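In: Everything below, folded, please.
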Amino acid sequence: MQAEVSAGLIGLAGAVVGAAGALLGGWLQQRHQAKTAKAERQEERRYAAGQAALDMLIRFRHATASRINDDEGMDAWTEAFVEWSVTFDAALYVVPDGDEMRKRVFGIMGFVGYHEELGQNHSEACLWIDALCREAIAVLSAFLREEPLPEPSQFFLDQREMVRAHHRLQFEQGDRG
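Out: Numbers count the residues shown, from 1 in each chain. Now for the predicted structure:
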């Protein structure tokens, strides 16, 4: 009788361990699947939001190239730019894991309005804005491809320095006046 009881207890212990292992395995598998599904959803959101921002940037680039160089056209362009910048900001803010990309793109596109301050004519302004758009597109595209963000182009660095020099000159002239 002792052997039968021992065999029964061993069998029961084996069944309990097997059931616990199966439950633990099921729980771990479900947890892994949930994490994988969450990562996939986040990646889809990242790509969709980034693509929407990229499309907006491309449309803005085209709109700038075709703007009219008169007061009415400039006013319409300025109004469209303000509307675009607000929606573009919102599109970039919803991109998951995009802090560095956002910083770079906002830093680039923040120079769009300086063409007027620098006294550029229509074609110079269009080239200025087009170059800024291409710079931002390169950063956003690299982000979407999950590649390292490109270094700022020499053109952008030169233009940024030109704006900074202009501001320093204005500041110095303001101190003298």
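In: helices and strands of this protein: which one has the lowest mean pLDDT?
Out: Lowest mean confidence among the helices and strands of the chain (mean pLDDT, DSSP states H and E): helix 114-117, at a mean of 70.
In: after that helix, next one along is what?
Out: Heading C-terminal from helix 114-117, the first helix or strand you meet, by DSSP states H and E, is helix 122-144.
In: Mind checking the pLDDT average for that following helix?
Out: The average pLDDT within helix 122-144 is 86.
In: which helices and strands sit right next to that helix?
Out: helix 2-65, helix 99-109, helix 114-117, helix 154-176 (3 or more CB pairs under 8 Å, 6 or more residues apart in numbering; DSSP states H and E). Where you see a C-beta, it was placed from the backbone N, CA and C, and this is true even at glycine.
In: That one: which residues count as buried?
Out: Of all the residues in helix 122-144, those buried under the rule 16 or more other CB atoms under 10 Å are 125-126, 128-129, 131-133, 135-141, 143-144.
In: Tell me the one of those residues nearest His166?
Out: Nearest to His166, judged by CB to CB, of the buried residues of helix 122-144 is Trp128 at 12.9 Å.
In: Any figure for the gap between the closest one and Tyr47?
Out: Look at Trp128 and Tyr47: by CB to CB, to the nearest Å, they are 30 Å apart.
In: so where is this protein shaky, pLDDT-wise?
Out: The chain contains residues with pLDDT under 70 at 1, 66-77, 115-122, 175-177.
In: tally of neighbours for Arg145?
Out: 9 (other CB atoms under 10 Å).
In: same check, this time on Leu169
Out: Other residues close to Leu169 by other CB under 10 Å number 10.
In: follow-up on the earlier one: deepest of the helices and strands packed on helix 122-144, which one?
Out: helix 99-109 (a mean of 17; mean count of other CB atoms under 10 Å).
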